[in-house]
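Trainee: next come a sequence and a model predicted from it.
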Amino acid sequence: MEQHSMRVETFGGLAVWLDGQLLVRRGERINKNLEMLALLALNGRAPLSNEALAGLLWTEEESHNPAGALKNAAYSLRRLLEQRGVERELVTVEDKQYRLAPDLALEVDLWQAGQLAEQAVNQPDKALALAAWEELDRICCGDFLPQLADRPWVAGQSALVRDGWLAAARRAAALLLEDRERSGARRALAVCAEALLLFPDDMELQIVRFAAMQELNMKAAVRSQYPLLAEMLMERQGQAPPARLRAIHQWATEGESRGREEMLRIRQKLANHEKNAPPGPYFCEYDQLPMLYAMARRQAARTGQVTVLLLAGAGGQPGAASAGADQELRFLLSQTLRRGDVCCRYGHDQYLALLMLADPAHTGAVEHRLRAGWKPVNGRLELTFDFGGPLPQIHGE
């Protein structure tokens, strides 16, 4: 019996080759006939019953006669294959079960991806594990069957693929960083950058990413990326980065040269704010506030003013405030405080403001303006004033 081969690719779109000839072009529309072909190919040589195949192709709402719909899809598939020059039966039916022809030598990228992910995660030999990761990453270029992303069976398989790929990416990045060599650190950084496009909240990847930047002595990059990560974590989880990341950030921010660099950056941003922004406070990252606070206290000592910290929060208990309370609080501060005041996000539904006042009693007027502009629907407005004390530590520190 003559041997025939079929290659099926599913990442980035369905593509099928029969004996080396392109049968289904990646990116073309996938109707039920081609979805049926994809299902049979992914199932290998094992047969699928009428009921199982119809249940995967249609929900109860989509078809009230799944058996008839399945026969129509099978007929449509045979006609399509004939039109594309296939002169033999690729799909067989026996005992109410469908499967691909038993003489087909099947090669499916999804099967390869599963094997490679297992090797990349569990292979004890470092070189073999990294080779498996590189081949896995080459194969998994694009989403799994993106044209069928709304199909339940595709969504479930896609989640399994992503989990396997993520586990492999984590181990590859960690292995590359083990030898503490610059070439390995650069490759680890590239792996993390790619993986974080899909999994930005993954702390294991973020830690390896920042550790690679530390290994490469990329202090400026750490200082640039850390505030963005801290803001994302605060918005999504209401917590600060883990201790390992805070330690790397501390390493990147220590030293006099950084102080001068940061001072120039802050002064430039403040100058641009003064020239271009409408009346209102300047919003900055939390890690900039200690330096601005020191500047403000020196200025207060020269001018006789008072340095005041204001902690403003929405809602007394987690979940008490409305979903948009943090945006409403930021808007209220932007409309109420003055140009020259400084604000930063401090915690979930909380902001910290740095004020310069001629008299401590003026905090009463500030509180009155804030409470007058606050909408009760956003929860209870909590205001705490502090006169010249140390800066509070951000949540999680």
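Mentor: Sure thing, it's come through.

Trainee: and the strands in the stretch 101-250 of the chain, which stretches?
Mentor: Taking DSSP state E, counting those that start in this stretch as the criterion, the stretch 101-250 of the chain carries its strands at 104-108.

Trainee: doesn't residue 9 make contact with residue 107?
Mentor: No: using Cβ atoms under 8 Å, residue 107 makes no contact with residue 9, being 9.2 Å away. C-beta coordinates here come from the backbone N, C-alpha and C atoms, glycine included.

Trainee: which one of the two has more residues nearby?
Mentor: residue 9 (20 against 14; other Cβ atoms under 10 Å).

Trainee: next up, the contacts around the more buried one.
Mentor: Residue 9 makes contact with 15, 16, 26, 109, according to Cβ atoms under 8 Å, 6 or more residues apart in numbering.

Trainee: surely the third one and residue 12 touch.
Mentor: Same thing as residue 26. Yes: with contact defined as Cβ under 8 Å, residue 26 counts as touching residue 12 (6.4 Å).

Trainee: what's the neighbour count on residue 46?
Mentor: Other residues within reach of residue 46, judged by other Cβ under 10 Å, total 9.

Trainee: so the nearest residue to residue 41 once chain neighbours are set aside versus residue 215, what's the distance?
Mentor: Among residues not flanking residue 41 along the chain, residue 8 sits closest, at 4.5 Å (Cβ to Cβ, 6 or more residues apart in numbering). Distance, residue 8 to residue 215, using Cβ to Cβ, to the nearest Å: 41 Å.

Trainee: swap in residue 46?
Mentor: In this view, residue 46 and residue 215 are 48 Å apart by Cβ to Cβ.

Trainee: then residue 364?
Mentor: 53 Å.

Trainee: do residue 55 as well
Mentor: As judged by Cβ to Cβ, residue 55 and residue 215 stand 51 Å apart.

Trainee: returning to what we had before: please tell me I have it right and the residue nearest to residue 41 contacts residue 106.
Mentor: Yes: the criterion here is Cβ under 8 Å, and residue 8 meets it with residue 106 at 7.1 Å.

Trainee: identify the contacts common to these two.
Mentor: Jointly contacting residue 8 and residue 106 under the rule Cβ under 8 Å, 6+ apart are residue 41.

Trainee: which one of those two is surrounded by more residues?
Mentor: Each of residue 8 and residue 106 has its neighbours counted (other Cβ under 10 Å); residue 8 has more, 23 against 17.

Trainee: got the phi and psi for the more buried one?
Mentor: Dihedral pair for residue 8: phi -120, psi 120, per degrees, to the nearest 10.

Trainee: tell me who's in contact with it.
Mentor: Residue 8 neighbours (Cβ under 8 Å, 6+ apart): 14, 15, 16, 38, 41, 42, 106, 107, 108, 109, 110.

Trainee: one more: residue 233?
Mentor: Residues near residue 233 by Cβ under 8 Å, 6+ apart: 239, 240, 241.

Trainee: go ahead and confirm residue 286 touches residue 344.
Mentor: Yes: here residue 286 reaches residue 344: they are 4.8 Å apart, a contact under Cβ under 8 Å.

Trainee: return every residue with contacts to both of those two.
Mentor: In terms of Cβ under 8 Å, 6+ apart, residue 286 and residue 344 are both contacted by the residues residue 352.

Trainee: low pLDDT regions in this structure?
Mentor: For the chain, residues meeting the criterion pLDDT under 70 lie at 1-2, 255-278, 316-323, 388-397.

Trainee: mind doing that once more with 80?
Mentor: The model of the chain has pLDDT under 80 over residues 1-3, 45, 60-64, 234-240, 254-279, 286-287, 315-325, 347-348, 376-379, 387-397.

Trainee: let me see the residues that make contact with stretch 357-364.
Mentor: 304, 305, 306, 308, 310, 355, 366, 385, 387.

Trainee: distance from the chain centre to it, please.
Mentor: 44 Å (Cα atoms, centre = their mean, to the nearest Å).

Trainee: tell me the buried residues in that stretch?
Mentor: Buried residues in stretch 357-364, counted by 16 or more other Cβ atoms under 10 Å: 357, 363.

Trainee: and that stretch, end to end?
Mentor: This stretch, stretch 357-364, spans 11 Å end to end (Cα to Cα, to the nearest Å).

Trainee: ok so, going back, and the residue nearest to residue 41, how far from residue 73?
Mentor: To residue 73, residue 8 is 18 Å away according to Cβ to Cβ.

Trainee: again, but for residue 176
Mentor: In this view, residue 176 and residue 73 are 46 Å apart by Cβ to Cβ.

Trainee: what does residue 326 give?
Mentor: Between residue 326 and residue 73 the computed distance is 50 Å (Cβ to Cβ).
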